[in-house]
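Student: can you look at this prediction? I've put the sequence above it.
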Number of protein chains: 2
Amino acid sequence: MLYGYLGSMRTKPGHRDEVAAILTSGADGLKAAGCHLYAVALDATDDVTIWVTEAWDSKEAHDASLQLPETRAAIAQAMPMLTGEFTSQETRIVGGLGV
Amino acid sequence: MLYGYLGSMRTKPGHRDEVAAILTSGADGLKAAGCHLYAVALDATDDVTIWVTEAWDSKEAHDASLQLPETRAAIAQAMPMLTGEFTSQETRIVGGLGV
């Protein structure tokens, strides 16, 4: 089963689109690191929350990706625009459509 | 932008795998209804919660799919094994990998 990660982050007002663009711009590069899904979504009920749904070969592949230079650079770029409020959920993906 | 739906459901003890199998078995049929992603995942921190991440052409396509005969049959089959506790989150998917 793929390792699933479901997270949310709150951006500072007026910065959500910028942060979402940072997250989506790096997504293709994650494929080589074992990522199968990296869906960046804007909460439809507010203008500050971003949801990310991820699917990886393993938890280890996910955790290792956080050390990639491009990932660290993206995090550093986005962090000043985030409030520091995060939620996260680990799952085991059993299947469906697209995963 | 694709319409995103992020939901969770709690199953009665011992029934999670059965419900997850019902959800995944119908997933391929949703493609024709405008579904791009239907990821069924088991919460890694308990043995009763299922998470579903969905991506659709539109909210209308998502809502209409709930009236499909096969969807109604799957819901009827699963409902007795659910506690009735649901969470849901609507999003707008901006992109990433796999969506």
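Tutor: Looks like it came in fine.
Student: tell me how far residue A:27 lies from residue B:96.
Tutor: Taking C-beta to C-beta, to the nearest Å as the measure, residue A:27 falls 4 Å from residue B:96. Yep, even glycine has a C-beta here, placed from its N, CA and C like the rest.
Student: which neighbours do the two share?
Tutor: Common neighbours of residue A:27 and residue B:96 (criterion: C-beta atoms under 8 Å, 6 or more residues apart in numbering or on different chains): A:38, A:40.
Student: how far does the lengthiest strand in chain A sit from the chain's center?
Tutor: Ordering each strand of chain A by length in residues (DSSP state E) puts strand A:82-97 first. On the basis of C-alpha atoms, centre = their mean, to the nearest Å, strand A:82-97 is displaced by 8 Å from the centre of the chain it belongs to.
Student: next, the buried residues of it.
Tutor: By 16 or more other C-beta atoms under 10 Å in any protein chain shown, the buried positions in strand A:82-97 come out as A:82, A:89, A:91-97.
Student: swap in stretch A:70-78?
Tutor: Within stretch A:70-78, the residues scored as buried using 16+ other C-beta under 10 Å are A:71, A:74, A:78.
Student: quick check: residues of chain A near chain B?
Tutor: Residues of chain A lying close to chain B by C-beta under 8 Å from any C-beta of the partner chain are A:4, A:6, A:20-21, A:23-24, A:27-28, A:30-31, A:35-45, A:51-53, A:55, A:89-99.
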